[in-house]
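Engineer: Any chance you could fold what I've pasted below:
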Amino acid sequence: MPVPKRRKSKSKTSMRRSQWKLILPSVALCPQCQAPKLSYRACPSCGYYRGRKVMKSEEEKKKKEEKK
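Structural biologist: The predicted structure is shown next:
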């Protein structure tokens with residue numbers, strides 16, 4: 001089983017680790033309700049995705065719970 005002959009320098013280790021960074025998710029405005037939402041996902045506040053209603057919104061869920 002191969003093993004490294006020499007230990008990597010601190011510089012080389014740092015260069016490799018420089019690629020470990022967090023990327024912020026892109027946030028877009030919903031065209032229906034203008035609420036911020038994640039790209040390529042249904043809007044949680046109105047339930048629309050690409051102009052179609054695909055899920056119940058948070059408001060509809062709350063109204064349903066209140067009726068019970």
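Engineer: Please make it C-alpha for all contacts and neighbour counts, starting now.
Structural biologist: Will do.
Engineer: How far off centre is the least confident helix or strand in the chain by mean pLDDT?
Structural biologist: Across the helices and strands of the chain, mean pLDDT, DSSP states H and E gives its lowest value to helix 58-67, namely a mean of 80. How far helix 58-67 lies from its chain's middle: 25 Å, per Cα atoms, centre = their mean, to the nearest Å.
Engineer: before we move on, what about stretch 60-68?
Structural biologist: 27 Å.
Engineer: which parts of it are buried?
Structural biologist: For stretch 60-68, a neighbour-count test (16 or more other Cα atoms under 10 Å) marks nothing as buried.
Engineer: Please put the alpha-carbon coordinates of stretch 9-22 into PDB.
Structural biologist: What follows is stretch 9-22 as a C-alpha-only set of coordinates in PDB (Å, rounded to 0.1, in the frame of the first residue of the first chain):
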ATOM      1  CA  SER A   9       4.600  21.500   3.800                       C
ATOM      2  CA  LYS A  10       2.300  24.000   5.600                       C
ATOM      3  CA  SER A  11       2.100  26.000   2.400                       C
ATOM      4  CA  LYS A  12       0.900  23.100   0.300                       C
ATOM      5  CA  THR A  13      -1.700  22.200   3.000                       C
ATOM      6  CA  SER A  14      -2.900  25.800   3.100                       C
ATOM      7  CA  MET A  15      -3.200  25.900  -0.700                       C
ATOM      8  CA  ARG A  16      -5.300  22.800  -0.700                       C
ATOM      9  CA  ARG A  17      -7.500  24.000   2.100                       C
ATOM     10  CA  SER A  18      -8.100  27.400   0.400                       C
ATOM     11  CA  GLN A  19     -10.700  25.700  -1.700                       C
ATOM     12  CA  TRP A  20     -12.800  24.800   1.300                       C
ATOM     13  CA  LYS A  21     -15.200  27.700   1.400                       C
ATOM     14  CA  LEU A  22     -18.900  28.200   1.900                       C
END
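Engineer: for the record, mean pLDDT for that stretch?
Structural biologist: Averaging pLDDT along stretch 9-22 yields 94.
Engineer: what about the strands in the chain?
Structural biologist: For the chain, the strands defined by DSSP state E cover 27-29, 36-38, 48-49, 52-53.
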